[in-house]
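Novice: Model the following, please.
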Amino acid sequence: MRTEGPESSGKQRWLRERYARAPERDALFTTISGEPIEPLYGPEDLPPFEEIGYPGEFPYTRGVYPSMYRGRLWTMRQFAGFGTAEETNARFLYLLEHGQTGLSTAFDMPSLMGHDSDHPRAEGEVGREGVAIDSVVDMERLFRGIPLDRVSVSMTINAPAAVMLAFFVVAAERQGVPADKLRGTIQTDILKEYIAQKEWCFPIDPAMRLVTDMIEFCAREMPLWHPISVSGYHIREAGATAQQELAFTLKDGFTYVEHALERGLDIDAFAPSFSFFFNSHIDFFEEIAKFRAARRIWARELRDTYGAKDERSLLMRFHTQTAGCSLTAQQPLNNIVRTAIEALAAVLGGTQSLHTNSYDEALALPTEEAARVALRTQQIIAHETGVTNTIDPLGGSYFVEALTSKMESAAYNYFRRIDELGGMVEAIKQNFPQREIAEASFRYQQEVERGERVIVGVNRYRLEDGAEEEVEILRIPPEVERKQIERVRRVRAERDEERAQRALERLREAAREEDRNLMWPLLDCARAHCTEGEIVESLQRVFGRYVETPVF
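Specialist: Got it, this is the predicted structure:
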């Protein structure tokens, strides 16, 4: 940044002569690795114009498309999934009727961990935090009545993502929709699982093989599909700072690029299909700067480091979800305000897709009313606020541009530290990002407990006498688990058992050969009605299981 010139001296003079005599309230004025936020920003804080540029032009700081929301609004998604496939299907249809433009699927914990609903470790968790999907039969029920060639679908699943993608492709086949017509995203980002979310099935190296298999398969067979959504969301939910979310997410993305290149794929054959998934937290301007810095870094590195020539490879297109960890169980209606502010930051930051959390999610899965309010929040931002009338309305803001550059610098500092450890996979094995996040989370909690960081309704402005607002919450009855267990057992009983076992054996044989892409045998397993748990356990017989090294 420039530090000389008449503007700089004028700003410094103002700080000395006027601001020095002004009172300051007692609050946390820090950001970006503890650097203080300056009381004022001016022209001297702007980076060179080449770093800001125009929307739709390198380095894409101001947006990936020339017209942005003047041409097309972001995709409005609501994360939905609970109980059985039929119940979630009904919620999907309800949201589509109320104006949602894309579906986002939440899976229950057993599905995320690669267990069938009748596995002992699934007890008490079936359908609780998402929908239970055990086989292609459930996947067909989940999307019954939903035209998969016309609706974009997102699936939030990682360790067994290849299995769920196989189920989805076969379910679409049975609708008469070929794989090359399917649009949407499957998360697949296994590195952030080892860093933050802790849902895994296999050791890191074979898990990375599966990710690369999916990237290769989709590049050849599913040109409209995003085989990976590199996800900072869960890193942030684990307690990371905005800078850590930015740095670790991008470094994960670069690691997937490097593995695909090692596979022999051309960068421009797969990079355009990459998507990202970020958290939009409550610090309004910091989040906007994070999104802008992310686009700039990705474009520069894909072009200059990895040699991408297709402009589409340089475009960081991302989905955003408002911060679940910012929601409070105390005074839950306050969460409507938090979500609206976070959603506005995502829009002003240039997101391509957005999920707004429901106000009751600190208590339970969202009710229909809460989900509708969350969707209406996006629609009000889109149609009533005027923020979509011009492209990147905050571009050129002294504060936003300075903060964007600071975010970028903080990310590159983390890149250097990770490279010194041997890259992201090795850094994860050494628990580096895990430790950084744990320490950041601890610092944050100390600030809250000391009252330095105000959480409205929690450590300040609490209701008298411990009174709390009453809100209706969604409860999953225990019959759901019994019903799903009966269903998965019926699938096993009614299928061609010999065909299923042959498919599982062919999958194990392919897994033993490191140069085989496993997506094709996984599709055969799906068609043979093998269950998710059977497929995962078959692969674990070859790959082994992952045991985390404790950080502390």
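
Novice: Mind checking what helix or strand follows the worst-scoring helix or strand of the chain on mean pLDDT in sequence?
Specialist: Across the helices and strands of the chain, mean pLDDT, DSSP states H and E gives its lowest value to strand 30-31, namely a mean of 68. Scanning forward in sequence from strand 30-31 by DSSP states H and E, the next helix or strand is strand 35-36.

Novice: just checking, next helix/strand downstream of that following strand?
Specialist: Strand 35-36 is succeeded, C-terminally, by helix 49-52 (DSSP H and E).

Novice: Can you give the contact residues for that next one?
Specialist: Contact with helix 49-52 is made by 46, 59, 61-62, 296, 395-396, 401, 405, as judged by CB atoms under 8 Å, 6 or more residues apart in numbering. To be clear about C-beta, it is placed using only N, CA and C from the backbone, and glycine gets the same treatment.

Novice: most neighbours, which of those residues?
Specialist: residue 61 (28 neighbours; other CB atoms under 10 Å).

Novice: What pLDDT is listed against that one?
Specialist: pLDDT recorded at residue 61 is 98.

Novice: So it: helix, strand or coil?
Specialist: Here residue 61 is recorded as coil under DSSP: H, G, I helix; E, B strand; the rest coil.

Novice: Verify the contact between it and residue 294 for me.
Specialist: No - here residue 61 lies out of contact with residue 294, judged by CB atoms under 8 Å, at a distance of 9.8 Å.

Novice: Give the residues shared as contacts by those two.
Specialist: Counting by CB under 8 Å, 6+ apart, nothing touches both residue 61 and residue 294.

Novice: in stretch 132-150, what's buried?
Specialist: Using 16 or more other CB atoms under 10 Å as the test for burial, stretch 132-150 gives 132-143, 148.

Novice: Tell me the secondary structure at the spatially closest residue to residue 326 that is not a sequence neighbour.
Specialist: Of all residues not flanking residue 326 in the chain, residue 282 sits nearest, at 4.8 Å (CB to CB, 6 or more residues apart in numbering). Counting by three-state DSSP, the backbone at residue 282 sits in coil.

Novice: Surely residue 282 is in contact with residue 338?
Specialist: Yes - with contact defined as CB under 8 Å, residue 282 reaches residue 338; the gap is 6.0 Å.

Novice: what about residue 369, distance to residue 472?
Specialist: Using CB to CB, to the nearest Å, residue 369 is found at 7 Å from residue 472.

Novice: Residue 12 now?
Specialist: The separation that residue 12 has from residue 472, given CB to CB, amounts to 56 Å.

Novice: give the contact list for the closest residue to residue 165 other than its chain neighbours.
Specialist: Closest residue in space to residue 165, ignoring its immediate chain neighbours: residue 186 at 5.3 Å, by CB to CB, 6+ apart. Contact analysis of residue 186 by CB under 8 Å, 6+ apart lists 154-155, 157, 161, 164-165, 168, 214, 225-229.

Novice: okay, residue 186: pLDDT?
Specialist: 95.

Novice: Could you do residue 162 as well?
Specialist: pLDDT at residue 162 comes out at 98.

Novice: Skipping adjacent residues, who's closest to it in space?
Specialist: residue 210 is the one closest to residue 162 (CB to CB, 6+ apart), at 4.9 Å.

Novice: Let's verify that neighbour: helix, strand, or coil?
Specialist: Using three-state DSSP, the structure places residue 210 in helix.

Novice: can you list the buried residues of stretch 132-150 in a markdown table and add secondary structure and distance to residue 531?
Specialist: Formatted as a markdown table, the buried residues of stretch 132-150 follow (DSSP: H, G, I helix; E, B strand; the rest coil; distance: CB to CB, whole Å):
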| residue | secondary structure | distance to residue 531 |
| --- | --- | --- |
| 132 | coil | 11 |
| 133 | coil | 10 |
| 134 | coil | 5 |
| 135 | coil | 5 |
| 136 | helix | 9 |
| 137 | helix | 9 |
| 138 | helix | 9 |
| 139 | helix | 12 |
| 140 | helix | 14 |
| 141 | helix | 15 |
| 142 | helix | 15 |
| 143 | coil | 18 |
| 148 | coil | 22 |
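
Novice: Report the buried residues of stretch 310-319.
Specialist: For stretch 310-319, by 16+ other CB under 10 Å, it's 311, 313-319.

Novice: quick one: terminal-to-terminal distance for that stretch?
Specialist: Stretch 310-319 has its terminal residues 22 Å apart, counting by CA to CA, to the nearest Å.

Novice: gap between that stretch and the chain center?
Specialist: 16 Å (CA atoms, centre = their mean, to the nearest Å).

Novice: that older thread, which member of the contacts of residue 186 is positioned nearest residue 27?
Specialist: Using CB to CB, residue 229 comes nearest to residue 27 of the contacts of residue 186, at 35.4 Å.

Novice: quick one: contacts for the closest one?
Specialist: By CB under 8 Å, 6+ apart, the contact set of residue 229 is 154, 185-189, 275-277, 319.

Novice: 7 Å - rerun?
Specialist: 185, 187-189, 275-277, 319 (CB atoms under 7 Å, 6 or more residues apart in numbering).

Novice: about what we covered before: which of the contacts of helix 49-52 lies at the shortest distance from residue 123?
Specialist: residue 296 (47.4 Å).

Novice: right, and the helix or strand after the helix or strand hosting that closest one?
Specialist: For residue 296, the host element (DSSP H and E) is helix 284-304. Using DSSP H and E, the helix or strand that follows helix 284-304 in sequence is helix 311-314.

Novice: Can you check what pLDDT the model gives residue 468?
Specialist: 65.

Novice: quick one: low-confidence ranges for this structure?
Specialist: 1-9, 26, 31-34, 78-79, 465-469, 552 (pLDDT under 70).

Novice: Just the angle for the longest helix along it relative to helix 284-304, thanks.
Specialist: The residue-count maximum for a helix in the chain (DSSP state H) belongs to helix 398-420. Inter-element angle recorded for helix 398-420 and helix 284-304: 50 degrees (by axes from the mean of the first three to the mean of the last three CA atoms, to 10 degrees).

Novice: for stretch 255-263, which positions count as buried?
Specialist: In stretch 255-263, counting by 16+ other CB under 10 Å, buried: 255-261.

Novice: Next, format these as JSON lines and append secondary structure and distance to residue 180.
Specialist: Shown next, in JSON lines, are the buried residues of stretch 255-263 (three-state DSSP; distance: CB to CB, whole Å):
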{"residue": "255", "secondary structure": "helix", "distance to residue 180": "28"}
{"residue": "256", "secondary structure": "helix", "distance to residue 180": "22"}
{"residue": "257", "secondary structure": "helix", "distance to residue 180": "23"}
{"residue": "258", "secondary structure": "helix", "distance to residue 180": "27"}
{"residue": "259", "secondary structure": "helix", "distance to residue 180": "24"}
{"residue": "260", "secondary structure": "helix", "distance to residue 180": "20"}
{"residue": "261", "secondary structure": "helix", "distance to residue 180": "24"}
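
Novice: could the residues you listed go into TSV alongside distance to residue 537?
Specialist: Shown next, in TSV, are the buried residues of stretch 255-263 (distance: CB to CB, whole Å):
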residue	distance to residue 537
255	27
256	26
257	31
258	30
259	25
260	27
261	32
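
Novice: Output the contacts of residue 229 as JSON lines; include the columns secondary structure and distance to residue 527.
Specialist: Converted to JSON lines, the contacts of residue 229 look like this (three-state DSSP; distance: CB to CB, whole Å):
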{"residue": "185", "secondary structure": "strand", "distance to residue 527": "23"}
{"residue": "187", "secondary structure": "coil", "distance to residue 527": "23"}
{"residue": "188", "secondary structure": "coil", "distance to residue 527": "21"}
{"residue": "189", "secondary structure": "coil", "distance to residue 527": "27"}
{"residue": "275", "secondary structure": "strand", "distance to residue 527": "27"}
{"residue": "276", "secondary structure": "strand", "distance to residue 527": "32"}
{"residue": "277", "secondary structure": "strand", "distance to residue 527": "30"}
{"residue": "319", "secondary structure": "strand", "distance to residue 527": "30"}
